[in-house]
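**Q** Sequence first, predicted coordinates after that:
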Amino acid sequence: MGLMRGVIDPELGSDIVELGMAKGATVTDDGWIRLQIDLTTSGCPLRAQIQKDIRARLTSLPGVTRVTIDWGELTQDERSEAMAKARFNVSQNAPDTSIPSTTKVVMVASGKGGVGKSSITTNLAAALAEQGYAVGVMDADIWGFSVPRMLGVDGELISKDGKIQPLVREIGTGRLAVVSMGFLVDQEDSALMWRGLMLNRAVQHFCQDVAWPSDLDYLLIDMPPGTGDVQMGLAKMLPRAEMLIVTTPALNAQKVAARVADMGAKNYLRIVGVIENMSEFVAPDGSRHSLFGEGGGQQLADDIGAPLLGRVPIEPAVSVNGDQGDPAALGGTPAAEQLQAIARMLADEYVPPVEMAGCSARMLDAAMAALDALDENESSTEPADDAAAESTSATAAVQRSSSGGSSGRS
C-alpha cells in the first residue's frame with residue numbers, strides 16, 4: 001500500500017493510507033492492480049478526484065496494464081478514527097494562540113441570526129461560572145456584538161505586558177473573563193463596517209493577543225451567524241475546538257443550522273450537540289404554545305448525528321435580564337433550570353474540563369510561579385513612564401491592525 005501514500009483525501013486533507021481508507025490491493029501477473037478504497041461516505045462528492053489521483057499514480061508505473069478500484073464505506077468507528085487523525089494533522093499546522101492548552105474551547109454557532117445564539121452563549125457561561133468554573137467568553141460576532149450588555153460587563157480593554165487584559169466578572173465561586181469589540185468602540189451603537197480580512201484580524205487578536213487566564217476551564221465563543229470568514233478563520237486557528245449548534249423549532253432555522261454543522265464537520269470540529277431555543281411558550285394558565293413550530297431541534301440532532309442537549313422555553317425574563325446584564329440562567333425559572341441542566345451536562349459528560357492533579361499540577365504551579373516572579377523582577381527595573389505607557393488602551397492596536405493601518409472603520 002506504500003504506492004498509495006501521498007494520495008490525499010481532498011475533504012480531510014490527509015493521506016488515504018494514514019486515514020485507513022486504503023484497505024487492500026491485489027496484483028496479477030499481467031499487471032492488473034485491483035484496490036479496495038473505503039471512503040467516509042459512499043456518496044463522497046470528491047471520489048472522482050481521489051480516483052483520478054490514484055490512477056495517475058499507478059498507471060505511470062512500468063508493467064501496469066489496468067487499474068480497478070472497488071469503493072466501500074468506512075464503519076462508524078473507522079470514520080471517527082479517520083476524522084481524529086485529520087483533526088490532529090490540521091492542529092499540527094495551526095498557529096499558536098494565547099488560549100491555555102487545557103482550556104476546552106466551544107464555539108456556539110447558528111445558521112441564522114435571531115435564534116438566541118448570544119443569549120445561549122452568555123447564559124451557559126454564567127451557569128458554568130456559578131458551578132465554579134473559570135469561563136472565558138469571546139464575542140466573535142464582530143459586527144453584532146452583544147455580549148458586554150448581556151453579561152453586565154462594562155469597561156475598557158487595556159494592554160499590559162503586550163497582552164490584552166480581558167474584563168472579569170465574578171459569579172458564585174467561578175468567574176468570567178470577557179473580550180468583545182463592544183469594549184473597543186466609542187459607543188455601543190457605533191457601526192463596524194469591516195470586511196473579511198479586517199474581521200479575521202480582529203478575532204486573531206482575540207485568540208493570540210489576549211491574556212486568557214492560565215486556569216481557564218472553558219472558552220465559549222459567540223460566533224456570528226452563518227458560515228463566513230470569521231467562522232472559517234476560527235476553525236483553522238482553533239482546530240481542536242468543539243461546536244454547539246443553536247436553532248429554533250422552525251424548519252427554516254433547522255435547515256440553515258444544518259449548513260453550519262456541515263461547515264464544522266468539514267473543518268473536523270466535533271459537534272457537541274444541539275440546543276433548541278424558544279421551544280415553546282407556557283402561558284400563566286399552564287397552556288403550552290409552540291410559536292415557532294415543533295421538533296426542529298430534534299430533527300437537526302438526528303440529521304447530523306448529535307444529541308439534543310435541551311429545549312429552552314420562551315420567557316420574557318430571558319430577554320429582559322439579558323438587556324439588564326443579569327443572565328436569566330442565574331434565576332429560578334423553567335428556562336433557567338434548562339440552561340443550568342445543559343451546563344451541567346456539558347461539564348459532566350459532553351465537554352468535561354481537563355483535570356490536573358498530583359505532581360503535574362504542582363510542577364505547573366511551580367513553573368507559573370517562577371515565571372510570575374521573573375516578570376515582576378523585570379517590570380520592577382523598568383522606568384515608571386515605560387510601565388505606564390505599556391498599560392494603555394488596546395483599542396488602537398486592535399483597530400489599527402484590523403484595518404491594515406487605516407482608521408479602523410472603513
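**A** All right, it came through fine. Numbering: from 1, shown residues only.
**Q** least trustworthy helix or strand in this protein by mean pLDDT?
**A** Ranked by mean pLDDT, DSSP states H and E, the weakest helix or strand in the chain is helix 384-390, scoring a mean of 45.
**Q** all helices for the protein, in order.
**A** Taking DSSP state H as the test, the helices found in the chain are 47-59, 76-92, 117-130, 147-151, 196-208, 229-237, 251-266, 296-304, 316-324, 334-345, 358-380, 384-390, 395-402.
**Q** Quick check: which of those helices is nearest to Ala109?
**A** Taking Cβ to Cβ, helix 251-266 is the member of the helices of the chain nearest to Ala109, at 4.9 Å. Heads up, the C-betas are built off the backbone N, CA and C, glycines and all.
**Q** The closest one versus helix 117-130: what angle between them?
**A** Interaxial angle of helix 251-266 relative to helix 117-130 (axes from the mean of the first three to the mean of the last three Cα atoms, to 10 degrees): 60 degrees.
**Q** Against which helices or strands is the longest strand belonging to the chain packed?
**A** Ranked by number of residues, the top strand in the chain under DSSP state E is strand 270-282. Judged by 3 or more Cβ pairs under 8 Å, 6 or more residues apart in numbering; DSSP states H and E, strand 270-282 is in contact with helix 117-130, strand 242-247, helix 251-266, strand 288-289, helix 296-304, strand 308-314.
**Q** In TSV: the ones you listed, plus mean pLDDT.
**A** Below are those laid out as TSV (pLDDT from 0 to 100):
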stretch	mean pLDDT
helix 117-130	97
strand 242-247	96
helix 251-266	90
strand 288-289	88
helix 296-304	93
strand 308-314	96
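**Q** Can you convert the ones you listed into TSV and add a column each for distance to Met193 and mean neighbour count?
**A** Listed next are the helices and strands packed on strand 270-282 as TSV, based on distance: least, Cβ to Cβ, whole Å; neighbours: other Cβ atoms under 10 Å:
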stretch	distance to Met193	mean neighbour count
helix 117-130	20	27
strand 242-247	26	27
helix 251-266	24	20
strand 288-289	40	10
helix 296-304	33	20
strand 308-314	33	21
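**Q** Could you dump those into a markdown table and include distance to Gly322?
**A** Formatted as a markdown table, the helices and strands packed on strand 270-282 follow (distance: least, Cβ to Cβ, whole Å):
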| stretch | distance to Gly322 |
| --- | --- |
| helix 117-130 | 6 |
| strand 242-247 | 14 |
| helix 251-266 | 19 |
| strand 288-289 | 22 |
| helix 296-304 | 21 |
| strand 308-314 | 13 |
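**Q** Among the ones you listed, which comes closest to Cys44?
**A** The minimum distance between Cys44 and the helices and strands packed on strand 270-282 falls on helix 251-266, with 12.1 Å, by Cβ to Cβ.
**Q** so the closest one versus strand 242-247, what angle?
**A** 170 degrees.
**Q** Let me see the contact set for Asp215.
**A** Neighbouring residues of Asp215 by Cβ atoms under 8 Å, 6 or more residues apart in numbering: Pro100, Ala134.
**Q** Low-confidence ranges, the protein, go.
**A** 1-3, 45, 90-91, 93-94, 355-410 (pLDDT under 70).
**Q** can you list the domain ranges for it.
**A** As given by automatic domain parsing, the domain ranges for the chain are 2-91, 100-350.
**Q** Give me whichever of those is most buried.
**A** domain 100-350 (a mean of 20; mean count of other Cβ atoms under 10 Å).
**Q** what about that one, start to end distance?
**A** With Cα to Cα, to the nearest Å applied, domain 100-350 spans 20 Å between its terminal residues.
**Q** ok now it, how far from the chain's centre?
**A** 10 Å (Cα atoms, centre = their mean, to the nearest Å).
**Q** Which residues are in contact with Val168?
**A** Counting by Cβ under 8 Å, 6+ apart, Val168 has contacts Arg175, Leu176, Ala177, Val178.
**Q** Just give me the closest of the residues you listed to Ala125.
**A** Once Cβ to Cβ is applied, the member of the contacts of Val168 that ends up nearest Ala125 is Leu176, at 5.9 Å.
**Q** Give me the distance between the residue lying closest to the closest one once chain neighbours are set aside and Ala191.
**A** Among residues not flanking Leu176 along the chain, Arg169 sits closest, at 4.6 Å (Cβ to Cβ, 6 or more residues apart in numbering). Distance of Arg169 to Ala191, computed by Cβ to Cβ, to the nearest Å: 26 Å.
**Q** can you check Pro284 too?
**A** Counting by Cβ to Cβ, the gap from Pro284 to Ala191 is 40 Å.
**Q** Report the contact partners of the residue nearest to Ala283 when sequence neighbours are not counted.
**A** Distances taken as Cβ to Cβ, 6+ apart put His289 closest to Ala283, at 6.6 Å, once the chain neighbours are dropped. Residues near His289 by Cβ under 8 Å, 6+ apart: Glu280, Phe281, Val282, Ala283.
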